[in-house]
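Student: I would like the atomic coordinates for the input below:
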Amino acid sequence: MGKEIYITELDKERLSKLIDAEIKSGNMLDKPMKKLSDEINNAIVVSSGQLPQDIITMNTRALLHLDHEDIELTLVYPEEADLASNKMSILSPIGTAILGYKVGDTVVWEVPSGVTQIFIKEILYQPEASGDYHL
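Tutor: Predicted coordinates:
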């Protein structure tokens, strides 16, 4: 982990349950799962109402610069992932990489094709900023 990252109490609770389920199914040995576990265990946990509006949380829609192009995606739980709709699973390398980072951050992260840099350009929608604390 390079920079400090932030997650909400609710996201940490839900992601911890997801990781526990993956451990029980034997998937904890996966490198992305281990990285996600490390990230949430080292994150600064804040209440939804105290989270800055420029942080990527679960269900945040963001504009990123990746591989020389801008991409818009929504960070979602695995069961909601749909690449055709630009819904990226938290369990994907990019999903794990961007959780908790803020606008203006550049995240250097290992992906299957090597190491990539992801620049967070803009938050288009963050549930906490919109008062959608249930998402």
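
Student: So which residues of the protein form helices?
Tutor: Assigned by DSSP state H, the chain shows helices spanning 9-24, 31-42, 93-98.

Student: Distance from the chain centre to the last one, please.
Tutor: Think helix 93-98. Put simply, helix 93-98 sits 5 Å off its chain's centre (Cα atoms, centre = their mean, to the nearest Å).

Student: Check the second one too.
Tutor: How far helix 31-42 lies from its chain's middle: 11 Å, per Cα atoms, centre = their mean.

Student: So which elements touch that helix?
Tutor: helix 9-24, helix 93-98 (3 or more Cβ pairs under 8 Å, 6 or more residues apart in numbering; DSSP states H and E). C-beta coordinates here come from the backbone N, C-alpha and C atoms, glycine included.

Student: Could you rerun that using 10 Å?
Tutor: For helix 31-42, the elements it packs on are helix 9-24, helix 93-98, strand 106-111, judged by 3 or more Cβ pairs under 10 Å, 6 or more residues apart in numbering; DSSP states H and E.

Student: In terms of position in space, what residue lies nearest the middle of this structure?
Tutor: Central residue of the chain (Cα atoms, centre = their mean): residue 99, 2.5 Å from the mean position.

Student: just checking, residue 22 touches residue 91?
Tutor: Yes - the pair residue 22 / residue 91 is scored as a contact, 8.1 Å apart, by Cβ atoms under 10 Å.

Student: pLDDT value on the residue lying closest to residue 85 once chain neighbours are set aside, please?
Tutor: Closest residue in space to residue 85, ignoring its immediate chain neighbours: residue 74 at 7.8 Å, by Cβ to Cβ, 6 or more residues apart in numbering. Note for residue 74: predicted pLDDT of 98.

Student: In contact with residue 74, which residues?
Tutor: Applying Cβ atoms under 10 Å, 6 or more residues apart in numbering, we find residue 74 in contact with 58-62, 80-82, 85-88, 95, 124-125.
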